[in-house]
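Novice: need a structure here:
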Amino acid sequence: MPRAKAEARTVFVCQTCGSRSRKWTGQCPDCGEWNTLVEEPEAAAPAAGDDARYGGLAGPAEVRRYSEIDVENAARVPSGFGEFDRVLGGGIVPGSMVLVGGEPGIGKSTLLLQVAARIAAAAGPVLYASGEESEQQVKERGQRLDVGDADLYLLAETCLERLLEAVDRVRPRLLVVDSIQTIYSLNLASAPGSVGQVREAATHLLFGAKRRNLPTILVGHVTKDGSLAGPKVLEHVVDTVLYFEGERHHSHRVVRAVKNRFGAVSELGVFEMTGAGLVAVSNPSRLFLSDRAAGVPGSAVLCSLEGTRPILGEVQALVSTGAYGTARRMASGIDHNRLSLLLAVLEKRAGLGLA
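Specialist: Predicted coordinates:
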């Protein structure tokens, strides 16, 4: 009598924190988010040799004395953008992994394509792997940005194993993956962008970056509340997390670090979006105050220290007669609770009547 085929085992995975559960619940027991558990096939144990091939774990672990480690060859790689290097702490560290997140259409791919082209022209081969665009689409965007073709390699691929094989063939000085949510591993049956796939891809890319001393930049999607999509483990495994921010109706863009193992997290990089791509802004104060009209009531200039650089910005206030008996305070560009706290301090300590 033939044996019955074993049923495939499944597990419910939280798409926010990566928590795993044998049964579905409306609320994740770990992070508390609602309706985030998705059923996925349980991953099989990896075959022997897979980690050694793709993770760089072949052979015994090498233990070295602290004093014998040479750091002379660990010089940072300039990105070609002074503002980008400022946020990173002086350039891209060899063997590091950088995660760049931002809203769709804000200019992440444009920035990284320009960075890839400049590093390729100055330091050697760069591999730009796109899982969202074809090679022709990336080439057309590069032509609009007047990107040169010196040692810049394009790869339209979403399979992790084939991507790592291409890295071994090209041996680039920099790897750009756009984006990590589109990469999938053949070892997992879940869909690309799921918690398991993102964790698997990020882990293998991290192992490869450390073994090859290859700086790697990942593009990450963000959710509607502005946080990075995918499991929190993605932010933990990378060395640097950058946010690329800005208003679509304005030309300026801002890069800020929320995590940086090789530099400060308080630095700010400012860019301007032009027809030829992104241009670094060496004097952000001039850009932020370019549309300010002098002598207008309710307008003041504020000096804010961002990292090691003071930046001037405009603060506007407007007071009008309300239609109701109770006054209302509204704020744009600043958290309302923080504004209320500042006004309370001014009333109590400075004696200003702001009620």
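Novice: For the rest of this, base every contact and every neighbour count on C-alpha atoms.
Specialist: Noted.
Novice: ok, the residue nearest the centre of the chain to residue 156 distance?
Specialist: Central residue of the chain (Cα atoms, centre = their mean): residue 100, 1.9 Å from the mean position. Residue 100 sits 19 Å away from residue 156, going by Cα to Cα, to the nearest Å.
Novice: Repeat that for residue 146.
Specialist: From residue 146 to residue 156 the distance is 20 Å (Cα to Cα).
Novice: cool, residue 130 as well?
Specialist: 5 Å.
Novice: follow-up on the earlier one: have a look at residue 146 and residue 156 and say which one is more surrounded.
Specialist: Applying other Cα atoms under 10 Å to residue 146 and residue 156 shows that residue 156 carries more neighbours, namely 19 against 13.
Novice: Next up, the contacts around the spatially closest residue to residue 260 that is not a sequence neighbour.
Specialist: Nearest non-adjacent residue to residue 260, counting by Cα to Cα, 6 or more residues apart in numbering: residue 240, 4.4 Å away. Counting by Cα atoms under 8 Å, 6 or more residues apart in numbering, residue 240 makes contact with 88, 97-99, 257-262.
Novice: cool, and residue 95?
Specialist: 209-216 are the contacts of residue 95 under Cα under 8 Å, 6+ apart.
Novice: among those, which two are most distant?
Specialist: The span of the contacts of residue 95, defined through Cα to Cα, is set by 211 and 216 at 12.0 Å.
Novice: okay, these two: which has more neighbours?
Specialist: Per other Cα under 10 Å, whichever of residue 211 and residue 216 has more neighbours is residue 216, with 25 against 13.
Novice: The more buried one: what's it in contact with?
Specialist: For residue 216, the contacting residues are 95-98, 174-177, 205, 209, by Cα under 8 Å, 6+ apart.
Novice: if I look at it, how far off is residue 87?
Specialist: Counting by Cα to Cα - residue 216 and residue 87 are separated by 16 Å.
Novice: Could you pull out the strands in this structure for me?
Specialist: Ranges of strands in the chain, per DSSP state E, are 10-14, 20-21, 37-41, 97-102, 126-130, 152-156, 174-178, 216-220, 240-245, 252-260, 268-274, 277-280, 299-306, 309-316.
Novice: Adding distance to residue 346 and mean pLDDT, write those out as TSV.
Specialist: Formatted as TSV, the strands of the chain follow (distance: least, Cα to Cα, whole Å; pLDDT from 0 to 100):
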stretch	distance to residue 346	mean pLDDT
strand 10-14	44	85
strand 20-21	49	84
strand 37-41	46	82
strand 97-102	35	95
strand 126-130	51	97
strand 152-156	56	96
strand 174-178	47	96
strand 216-220	41	96
strand 240-245	31	94
strand 252-260	30	93
strand 268-274	28	93
strand 277-280	37	94
strand 299-306	16	90
strand 309-316	16	90
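Novice: Next, count neighbours for residue 270.
Specialist: 24.
Novice: ah, wrong one, I meant residue 223
Specialist: 11.
Novice: try the one 5 residues further on
Specialist: Residue 228 has 22 neighbours, counted by other Cα under 10 Å.
Novice: so it touches residue 220, yeah?
Specialist: Yes. Using Cα atoms under 8 Å, residue 228 makes contact with residue 220 at a distance of 6.7 Å.
Novice: Quick check: neighbours shared by these two?
Specialist: Joint contacts of residue 228 and residue 220 (Cα under 8 Å, 6+ apart) are residue 101.
Novice: Identify the residues contacting residue 243.
Specialist: Taking Cα under 8 Å, 6+ apart as the definition, contacts of residue 243 comprise 100-102, 255-258.
Novice: just residue 79 next, same as before
Specialist: Residue 79 makes contacts with 85, 91-92, 115-116, 118-119, as judged by Cα under 8 Å, 6+ apart.
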